[in-house]
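**Student:** here is a sequence together with a model predicted from it:
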Amino acid sequence: MATTRPPKVQTLPPLPIERLVKPFAMFAKQASAGGIVLLACAIIAMVWANSPLGDYYFRLWQTPVEVRFGDLIDIAKPLLLWINDGLMAIFFFLVGMEIKRELLVGELRSPRKAALSMAAALGGMLAPALIYVALNWGTPEIRGWGIPMATDIAFALGALALLGTRAPLALKVFLTALAIVDDLGAVLVIALFYTENLKPGMLLYAFLFWSGMIAMNRLGVRNAVLYFIVGLGMWFFMLKSGVHATVAGVLGAFAIPVRSRIDPELFLVRVREYLNQFDQPTVERTIILSPEQQSAVEAIEREALRVQSPLQRLEHQLHYFVAFAIMPIFALANAGVPLGGENGINWTSRVIWGVALGLLIGKPLGIALFSWLAVRLGLAQLPTGINFVHIVGVGFLAGIGFTMALFIGGLAFAGDELNYAKLGILSGSALSGVIGFTMLRMWTKPQPGTE
């Protein structure tokens, strides 16, 4: 009996624009791409700040930008603060969605499963802070104790991705969960300890807008634009309240719905029906779709939206924008440190050493020690294929504190102290990354079945 072969589908040749952007699209899909772009922007900022055009670098970020809408809205800030207070709120919104996802369906959904990452993150926050405090005790610079607590998830996961098949999946999961808990800790530190001139009335208005977002969630509102409009109001009043405006990003993320409208099985049934409608043999084939086909396509698009949760869809949509636009702009605006000048750099500054040693020594020490205690006390167990050498290596990678550390540094300091904090962040992060990558490169082997 002869078998019926399916009709051969002709593949369309790529358009010129598709051929042009293909290399960039392939690069963007690599796990290390975000970290590479971030590193490039940090290097550009350092070179620019110390070049003959350095004055233009600093003048650019101090350019005044004002938004006014009658007497209702009046925000006047330099460009740097629009980046740090505005664009970074979107970064924190993405961080908040990642935290919510991990708490509900990820590695943090059960205390037993999350115990190792939570213990490691706690140690990785306490030890760097204690080292910094020990070096700056009794000085005004002690205010920067929160700077070395942070881990840059993009850089850390990017460095781990460079190991390729040598990095066990369990190690990637552990580092991701650790970094997300670390981010949650950093957000709490910012909200509780880097808030000045609190205005309770404005804060109340911010929470009213947040309550509105939560009510929208309960009512079943799934339109991202509506959440954005209400969230923008919360951001504005949070900005005016004295609490750092980026906290609004995290709070807004926790109000985004996480459940889909239909389950995957129902989605498959409905899409098959619409595909049958699309493939009716009586439909005349032309260069545009028939009304019946257009109707089927629109119905499939609606079902595709219903099967995805708004949180999952927004997280996916914002990922590349944050990784390849917001974070590089932030790095370009914040990483430039002048190394010259009349007095040069005071390399004996306790801020430099407190931040650098906090990241370089405190991070791996705290992560390894608290992980060991959690396992020893029976609160957690090491994942299969992971040993404490891997934990120490990941601890060094977690010492890459670039983005969040620079952010907290900007809240803690200004002037020379801020420049010293940046030098401590850059030097400590660079050394931590190199040591962590080298350790894991030496002590890991390609995973079976991957090469």
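**Tutor:** Happy to help now that I have it.
**Student:** got any ranges where the stretch 301-450 of the chain has weak pLDDT?
**Tutor:** 340-344, 446-450 (pLDDT under 70).
**Student:** apply 50 and report the result again.
**Tutor:** 450 (pLDDT under 50).
**Student:** that one: helices as residue ranges?
**Tutor:** For the stretch 301-450 of the chain, the helices defined by DSSP state H, counting those that start in this stretch cover 310-321, 327-334, 350-357, 363-376, 388-398, 402-412, 415-443.
**Student:** mind giving me the packing neighbours of the third one?
**Tutor:** So that's helix 350-357. Where contact means 3 or more CB pairs under 8 Å, 6 or more residues apart in numbering; DSSP states H and E, helix 350-357 is packed against helix 111-136, helix 415-443. For glycine as for every other residue, the C-beta is placed from the backbone atoms N, C-alpha and C.
**Student:** same thing but 10 Å
**Tutor:** Here helix 350-357 touches helix 111-136, helix 402-412, helix 415-443, going by 3 or more CB pairs under 10 Å, 6 or more residues apart in numbering; DSSP states H and E.
**Student:** send the alpha carbons of the second one over as CSV?
**Tutor:** Extracted C-alpha coordinates of helix 402-412, given in CSV (Å, rounded to 0.1, in the frame of the first residue of the first chain):
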residue,chain,number,x,y,z
PHE,A,402,28.2,45.5,39.3
THR,A,403,24.7,46.8,38.6
MET,A,404,23.0,46.6,42.0
ALA,A,405,26.2,47.6,43.8
LEU,A,406,26.6,50.7,41.6
PHE,A,407,22.9,51.5,42.2
ILE,A,408,23.2,51.3,46.0
GLY,A,409,26.5,53.2,45.8
GLY,A,410,24.7,56.1,44.2
LEU,A,411,22.2,56.1,47.0
ALA,A,412,24.9,56.0,49.7
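**Student:** before we move on, back to that, any idea which of the helices of the stretch 301-450 of the chain gets closest to residue 262?
**Tutor:** For those, the distance to residue 262 is smallest for helix 310-321, at 13.5 Å, taking CB to CB.
**Student:** so which residue is smack in the middle of this protein?
**Tutor:** residue 95 (5.0 Å; CA atoms, centre = their mean).
**Student:** who's in contact with it?
**Tutor:** Going by CB atoms under 10 Å, 6 or more residues apart in numbering, residue 95 touches 88, 153, 179-180, 183-184, 186-187, 246, 249-250, 253, 322, 404.
**Student:** which one of the helices of the stretch 301-450 of the chain lies nearest to residue 59?
**Tutor:** Minimum separation from residue 59 across the helices of the stretch 301-450 of the chain (CB to CB) falls at helix 327-334, 12.3 Å.
**Student:** list the buried residues for that closest one?
**Tutor:** 327, 328, 330, 331, 332, 333, 334 (16 or more other CB atoms under 10 Å).
**Student:** that older thread, would you reformat the helices and strands packed on helix 350-357 as JSON lines and include distance to residue 257?
**Tutor:** Converted to JSON lines, the helices and strands packed on helix 350-357 look like this (distance: least, CB to CB, whole Å):
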{"stretch": "helix 111-136", "distance to residue 257": "23"}
{"stretch": "helix 402-412", "distance to residue 257": "27"}
{"stretch": "helix 415-443", "distance to residue 257": "36"}
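**Student:** looking at those, which is buried most?
**Tutor:** helix 402-412 (a mean of 25; mean count of other CB atoms under 10 Å).
**Student:** from the buried residues of helix 327-334, pick the one nearest residue 160.
**Tutor:** For the buried residues of helix 327-334, the nearest to residue 160 is residue 327 (17.5 Å; CB to CB).
**Student:** tell me the contacts of that closest one?
**Tutor:** Counted by CB under 10 Å, 6+ apart, residue 327 has contacts 34-35, 37-38, 41, 87-88, 91, 94, 152, 154-155, 321, 402-403.
**Student:** for residue 216, find the nearest of the helices of the stretch 301-450 of the chain.
**Tutor:** Short answer: helix 310-321, nearest of the helices of the stretch 301-450 of the chain by CB to CB, at 10.5 Å.
**Student:** could you list the buried residues of the closest one?
**Tutor:** Under the neighbour-count criterion of 16+ other CB under 10 Å, helix 310-321 has 310, 311, 312, 313, 314, 315, 318 buried.
**Student:** now do that helix: everything it contacts.
**Tutor:** 25, 28-29, 33-34, 87, 90-91, 93-94, 96-98, 100-101, 104-105, 217, 221-224, 227-228, 253-261, 304-305, 308-309, 322, 326-327.
**Student:** weed out the non-buried ones from those.
**Tutor:** 33-34, 87, 90-91, 93-94, 96-98, 100-101, 217, 222, 227, 253-258, 260-261, 308-309, 322, 326-327.
**Student:** on that earlier part again, how about the buried residues of helix 327-334 in TSV, adding distance to residue 411?
**Tutor:** TSV is the format used below for the buried residues of helix 327-334 (distance: CB to CB, whole Å):
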residue	distance to residue 411
327	17
328	21
330	14
331	17
332	19
333	15
334	12
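**Student:** pick the one among the residues you listed closest to residue 383.
**Tutor:** Nearest to residue 383 out of those is residue 327 (CB to CB; 28.8 Å).
**Student:** any figure for the gap between residue 88 and residue 59?
**Tutor:** Going from residue 88 to residue 59 by CB to CB, to the nearest Å gives 21 Å.
**Student:** neighbour count: those two, which is higher?
**Tutor:** residue 88 (26 against 10; other CB atoms under 10 Å).
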